[in-house]
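J.: For reference, the sequence and a predicted model appear below.
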Amino acid sequence: MRNTRTIGPTSCTRRRTVSTGSWSSAGSRCWLGSATQGNAVRARCPRAGGFTLTELAVVFAIVALLLYGVLGTLAAQTEVRNHEETRRRLDAALEALIGYAIAQRRLPCPALAAGTGDESPAGGGACSSYYGGFLPAKTIGFAPTDAAGYAVDAWGNRIRYAVSNALTGCAAPAALPHFTSAANLRANGVSCRPNDLDLCVRAQGATASSCASSANRAVSTETAAVIVFSTGKNGAIVAAHGPDELANLDANPVFVTRPPSGPEASGGTFDDLVVWVPVGILYARLIAAGVLP
């Protein structure tokens, strides 16, 4: 004869089946041990399923590491895109400047910080600032711009612009300004070369008017007719600028162009993107368009 009774109280329902001295558990995997009929039975059951605090901590740590990796990758990809887009805008700015020179027979003057994105003065001629101004986006029809009409890079910083105002090698006495005056540009001719914009590989050793040595020059001082540059991601944070970046903002004809670096470099943090128009290319385009003989 089989006797069946419920063992309790437990979190699980256990049934004891007495049959020839053996014990079994119905509906669970509780180990009941061995006992003789009529003795008290102690059932050892597994705990209810769940996570311990240690297991949860491990899970959260893994998730955090995965998120950190994903966010880091996304941030790096964003910076690459911003860099490439800014480079594209700078190249487009050079083309816009050359196009303007073909149409107006001269280069525009830089825009001032307190203006509206127009060259200063209107109509060109003797510029208000040759080396410390901005790309005159409104004058040359460049986009995109900020709300005030200034050309901006992919980080929203205003694009800078400098134009030469000193000459060398002219076949005859030359009148200044050369590049921003249609009459002077044609009268002076293509024998005149720029002699002020100096592109250095570092600010150290340079003066306010020169890179100081040929070893410190990225290109010859008689090469660049105009310089256009972005101050990079940290452009709006002056305190984050290194010495080489600051050299690009002091409104003199000396500029630095080199690969990017962190603060550990001798010239400090540098993420400026600098491009220029060689005078030979400018003259060739103007001659091809019939602007210059």
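T.: That came in fine, so what should we check first? Numbering: from 1, shown residues only.
J.: contacts, neighbours, all on C-alpha from now
T.: Noted.
J.: any idea where the strands of the stretch 101-250 of the chain begin and end?
T.: Remark: strands assigned in the stretch 101-250 of the chain by DSSP state E, counting those that start in this stretch are 133-134, 160-163, 167-168, 193-194, 198-200, 224-230.
J.: Columns distance to residue 93 and mean pLDDT on top of the ones you listed, output as JSON lines?
T.: Compiled in JSON lines, these are given as follows (distance: least, Cα to Cα, whole Å; pLDDT from 0 to 100):
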{"stretch": "strand 133-134", "distance to residue 93": "11", "mean pLDDT": "98"}
{"stretch": "strand 160-163", "distance to residue 93": "10", "mean pLDDT": "99"}
{"stretch": "strand 167-168", "distance to residue 93": "24", "mean pLDDT": "97"}
{"stretch": "strand 193-194", "distance to residue 93": "20", "mean pLDDT": "98"}
{"stretch": "strand 198-200", "distance to residue 93": "19", "mean pLDDT": "98"}
{"stretch": "strand 224-230", "distance to residue 93": "8", "mean pLDDT": "98"}
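J.: Kindly provide the distance from residue 67 to residue 79.
T.: 18 Å (Cα to Cα, to the nearest Å).
J.: give me every residue that touches the closest residue to residue 143 other than its chain neighbours.
T.: The shortest distance from residue 143 to any non-neighbouring residue, by Cα to Cα, 6 or more residues apart in numbering, is to residue 151 (6.3 Å). Taking Cα atoms under 8 Å, 6 or more residues apart in numbering, we find residue 151 in contact with 117, 134, 135, 136, 137, 142, 143, 144, 145, 158, 159.
J.: For those residues, give me TSV that also has neighbour count.
T.: Shown next, in TSV, are these (neighbours: other Cα atoms under 10 Å):
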residue	neighbour count
117	26
134	28
135	29
136	28
137	26
142	21
143	15
144	15
145	19
158	25
159	27
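J.: Could you tell me which of the residues you listed are located in helices?
T.: residue 137 (DSSP state H).
J.: per-residue confidence at the residue lying closest to residue 223 once chain neighbours are set aside?
T.: Counting by Cα to Cα, 6+ apart, residue 278 is the residue found nearest to residue 223 once chain neighbours are left out, at 5.2 Å. Per-residue confidence for residue 278 comes out at a pLDDT of 98.
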